[in-house]
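A.B. asks: Provide a 3D model corresponding to the input given below.
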Amino acid sequence: MVHSLPAVPDDDAITELRSASHWRAMQAATAQFSAPLVALSLDAVAANAASLRERAGGRPIRVATKSIRIRDVLRILDREPWTQGLLAFSLAEAIWLSDEFDDILVAYPQTDRDAYRALAADARAASRVAVMIDSVDQLDFIDTAVDPAQRPDIRVAIDLDASWRGPFGHVGVFRSPVHGAQQARRLAESVAARDGFRLVGLMSYEAQIAGVGDSPSNPVYGRLLRGIQARSAHELAERRAEAVRLVREVADLEFVNGGGTGSLESTSLEDAVTDIAAGSGLFGPHLFDHYTKFTPAPAIGFALDVVRKPASDVVTCFGGGWIASGPAARDRLPEPAYPAGLQYLPREGAGEVQTPLRGPAAAALQVGDRVWFRPTKSGEACEHANHVHAVAGGEWSGDMLTYRGEGKVFV
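C.D. replies: So this is what the prediction gives:
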């Protein structure tokens, strides 16, 4: 059983983690296990964690569970002095986790009546979990699920929309209808005026900064994107500070959460923010390769076995798919990482049961050899496996159950 992260690798070791030797070490450490398999380099997680801490400038990091989905990893991170609570993606998940973790914010509004009833019936969970709202309608829904007179106060947080409404129109994702500081205050007043609720926090996620790499292949677009992100960060910092000021006049907030893996530098400069969300930066999926300020080590990967060689420059692997959520595009496909030089066939892509790959590296591969892939996102890979094989110092260090392996499917 792994109880802590390894020591932070030195600079040479971190360079190795981004090279082919990293994948050779992962392969050697897990060679005894059947594929498809998922492996997690704890050395790479330690390197990425050190990078997050430095980039956050001492601001606590709230670990985003959707990017982890492994309780053993959450336990390890919860013991670290630089983390502050969890950012869950499901109320049912948060209640389950509340047996062990005492500070859980559910990042998205919920309509799970059974989960609300379970929360109301569990005093410990009710004291440890905060749910997200962005409208009075959601308060009404909670009241229909559980009578306010028959439950402890539900801890709630307001989701402040972090998108930028500038000269380019709407920039960011469509999340909360609460965009302005006065809107946030009015919703806070609605919470304070109702029985059965207690306002404890505020959250805003600047997806247009945190989740969009600022170093795309097109340099002209990259300069434009960085300019937009800088202007958006400046606007949000002022608006978020004002929203927090006005909401604090209504309620004594326990936390103000913001940001994400890609925005640690800018979000950490805001005095109004008490903790910053991050998760994907710990596992380093390939979606996070295109940022100017950091380069994550690829901590998580999965391996498929070669089962056919239909041509000298083509191998077919058993398994596939593992396509990330988001717009259907090539960047949602897992990235063939090792051996280098393999690509998907345009008409087949990542298959449901088998995945053909073409390239010079195929010539040396035989039936039974393995191909390693990096997922586009980190947590979603764990929905394909019951456990991950942990690797530290080039050696297998034990298995960790995923949410799926523990029989949990939350979304």
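A.B. asks: residue ranges for the helices of this structure, please.
C.D. replies: 11-17, 20-29, 42-55, 71-78, 91-97, 113-121, 123-128, 136-145, 181-192, 207-210, 219-248, 264-267, 280-283 (DSSP state H).
A.B. asks: rank these by pLDDT, which is bottom?
C.D. replies: Of all the helices of the chain, the minimum mean pLDDT falls on helix 207-210 (a mean of 82).
A.B. asks: next one: that one to chain centre, how far?
C.D. replies: The chain centre lies 13 Å from the centre of helix 207-210; the measure is Cα atoms, centre = their mean, to the nearest Å.
A.B. asks: same thing with stretch 260-272?
C.D. replies: Using Cα atoms, centre = their mean, the offset of stretch 260-272 from its chain centre is 16 Å.
A.B. asks: hang on, the earlier thing: could you save the helices of the chain as CSV and add columns showing mean neighbour count?
C.D. replies: Placement of C-beta: from N, CA and C, glycine included. Below are the helices of the chain laid out as CSV (neighbours: other Cβ atoms under 10 Å):
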stretch, mean neighbour count
helix 11-17, 15
helix 20-29, 19
helix 42-55, 22
helix 71-78, 20
helix 91-97, 23
helix 113-121, 18
helix 123-128, 16
helix 136-145, 16
helix 181-192, 19
helix 207-210, 23
helix 219-248, 17
helix 264-267, 24
helix 280-283, 28
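A.B. asks: for those helices, which one sits closest to residue 273?
C.D. replies: Evaluated over these, closeness to residue 273 peaks at helix 264-267, with 5.8 Å, by Cβ to Cβ.
A.B. asks: coming back round to it: any chance of the helices of the chain in CSV, with distance to residue 406 too?
C.D. replies: Below are the helices of the chain laid out as CSV (distance: least, Cβ to Cβ, whole Å):
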stretch, distance to residue 406
helix 11-17, 28
helix 20-29, 23
helix 42-55, 20
helix 71-78, 7
helix 91-97, 9
helix 113-121, 17
helix 123-128, 17
helix 136-145, 26
helix 181-192, 34
helix 207-210, 28
helix 219-248, 36
helix 264-267, 30
helix 280-283, 18
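A.B. asks: Figure out which of those is closest to residue 407.
C.D. replies: Of the helices of the chain, nearest to residue 407 by Cβ to Cβ is helix 91-97, at 10.5 Å.
A.B. asks: Which strands or helices does the closest one pack on?
C.D. replies: Here helix 91-97 touches strand 83-88, strand 104-106, helix 113-121, strand 129-133, going by 3 or more Cβ pairs under 8 Å, 6 or more residues apart in numbering; DSSP states H and E.
A.B. asks: Select, out of those, the one closest to residue 150.
C.D. replies: With Cβ to Cβ as the measure, helix 113-121 is the member of the helices and strands packed on helix 91-97 nearest residue 150 (7.1 Å).
A.B. asks: name the helices or strands packed onto the closest one?
C.D. replies: Going by 3+ Cβ pairs under 8 Å, 6+ apart, helix 113-121 lies up against helix 91-97, helix 123-128, helix 136-145, strand 154-159.
A.B. asks: Tell me which of the ones you listed lies nearest to residue 195.
C.D. replies: Taking Cβ to Cβ, helix 136-145 is the member of the helices and strands packed on helix 113-121 nearest to residue 195, at 9.1 Å.
A.B. asks: Check what contacts the closest one and list those residues.
C.D. replies: Helix 136-145 is contacted from outside by 109, 111, 113, 116-117, 131, 133, 154, 156, 187, 190-191, 194, 196-197, using Cβ atoms under 8 Å, 6 or more residues apart in numbering.
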